[in-house]
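> Got a predicted model here, sequence first, then my questions.
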Amino acid sequence: MSETVVVVVPDADVLASSVAARLVTSIIDAQAVRGRADVVLTGGRVAAKVLRAVKELPASAAIDWSRVDLWWGDERFLPSGDPDRNETQAREALLDALPLDPARVHAMPASDGPDGDDAEAAAARYSTEAGTPQFDVLMLGVGEDGHVASLFPGHPDAEKAGTAIAVHNSPKPPPTRISLSLATIRSAKEVWLVAAGPDKAVSVGAALGGDQSLPAARATGTSRTLWLLDTAAAAKR
Ligand SMILES: O=C(O)[C@H](O)[C@@H](O)[C@H](O)[C@H](O)COP(=O)(O)O
C-alpha cells in the first residue's frame, strides 16, 4: 500500500537543504539494504539547488559514491556539454565533485551522441540501458502547467509506452526531449515531487486535488509519494 505525504517548509532554501538531507539518508539506507542505490535526477532550478545543497552536507561522506547509480527522469535533447542539458547542470552542481563510477552515471543520450539527432533511437537506447529499473528514489520538479519530467498535460507523447520515450514539440524549450514514461516513473519505490515558489501553487493544488489530467497527479511511487514543497508552492492545496 503506497502512501502520499506532503511536507511543507518555509522557503526554497530550506526546501533544497531538507530534500538534500533526505536524499543523502535515503542513499545511505538503500546501500545498507541492497548494497547500491539507484537515484533518478531531474532538471530545473529546484533540482540544481538540491544538488548544490548535497555538496554542502557533511553527512554525504557516509555515502559510497562508487556504488550509486544515477539516472535521469528527462533530458533536453541537445548536444553533449550544452549548458541547457540537465546532465550538464547536474555535473556542475554536484556530480563533478563526487568520486562516482563513470559507468554508473547513466546520462540520457545527447543529440550528437551515437544516434545523432534521432530522439526515438536515443530513447530506445536509454530503455535498453535501464533494463527493468529498480529506482530507490525518483525526483521530479513540477511545472506551472502540472508537467513532470518531460510529460506535459494534454500532449500525446505523454501517453507513450516504453521505458524512455522521445518527446517532440515540447511546450517548454527545447522542443525535443527524452523522458522516462509515466509507467516507468510509477515503478519507482519513492517518487519525490519537489516544488518551490508561488508560480507552482495552482498546479500543485490541482495535482494534490487529484486532477488526473496532470502528469504530476499520476506520478506516484510504489511505496511512497512525497510532495516536498515550500509554503508558496503549497498555498493552494
Ligand atoms: O528538463 C526540465 O526542464 C525538467 O526536468 C522539468 O520537468 C522541470 O523539472 C520542471 O519544469 C520544473 O523546473 P523548475 O524547478 O525550474 O521550475
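Yes, it's here.
> now do the same end-to-end measure for stretch 101-120.
From its first residue to its last, stretch 101-120 covers 27 Å (Cα to Cα, to the nearest Å).
> Just the buried positions in the strand or helix carrying Ile178, please.
Assigned by DSSP states H and E, Ile178 belongs to strand 177-180. Across strand 177-180, burial judged by 16 or more other Cβ atoms under 10 Å covers 177-180. Heads up, the C-betas are built off the backbone N, CA and C, glycines and all.
> now Ala59, nearest residue through space, not along the chain?
Val24 (5.1 Å; Cβ to Cβ, 6 or more residues apart in numbering).
> likewise Asp13?
Asp13's closest residue in space is Lys49 (Cβ to Cβ, 6+ apart), at 7.8 Å.
> packing partners for the strand holding Ile178?
Where contact means 3 or more Cβ pairs under 8 Å, 6 or more residues apart in numbering; DSSP states H and E, strand 177-180 is packed against strand 74-76, helix 119-130, strand 164-167.
> tell me the most buried of the ones you listed?
strand 74-76 (a mean of 27; mean count of other Cβ atoms under 10 Å).
> which other residues reach the longest helix along the chain?
Counting by DSSP state H, the longest helix found in the chain is helix 12-34. Residues from elsewhere that reach helix 12-34, judged by Cβ atoms under 8 Å, 6 or more residues apart in numbering: 7, 9, 36-39, 46, 49-54, 56-57, 59-60, 62-64, 67-68, 136-137, 139, 190, 192, 194, 196-197, 228-230.
> Give me the average confidence score over the strand holding Ile178.
The pLDDT scores in strand 177-180 average 98.
> ditto for stretch 196-212
Across stretch 196-212, the average pLDDT comes to 98.
> Make 801 the first number, not 1, from now on.
Let's use 801 as the start, then, which means that last one is stretch 996-1012.
> Any idea how far apart the tips of it sit?
Stretch 996-1012 end-to-end distance (Cα to Cα) = 21 Å.
> The chain against the ligand: which residues are in contact?
Proximity of the chain to the ligand, by Cβ under 6 Å from any ligand atom, involves residues 842-847, 874, 876, 886, 941-943, 947-949, 972.
> re earlier: so which of the contacts of helix 812-834 belong to strands?
807, 809, 837-839, 868, 937, 939, 990, 992, 994, 1028-1030 (DSSP state E).
> quick one: contacts for Pro909?
Contacts of Pro909 by Cβ under 8 Å, 6+ apart are 875, 915, 922, 925-926, 978.
> These: which two are farthest apart?
Glu875 and Asp915 (13.0 Å; Cβ to Cβ).
> so where's this protein shaky on pLDDT?
Of all residues in the chain, none has pLDDT under 70.
> ok, the most centrally placed residue in it - contacts?
For the chain, the residue nearest the mean C-alpha position is Thr842 (2.9 Å; Cα atoms, centre = their mean). Going by Cβ under 8 Å, 6+ apart, Thr842 touches 872-874, 886, 939-941, 949, 994.
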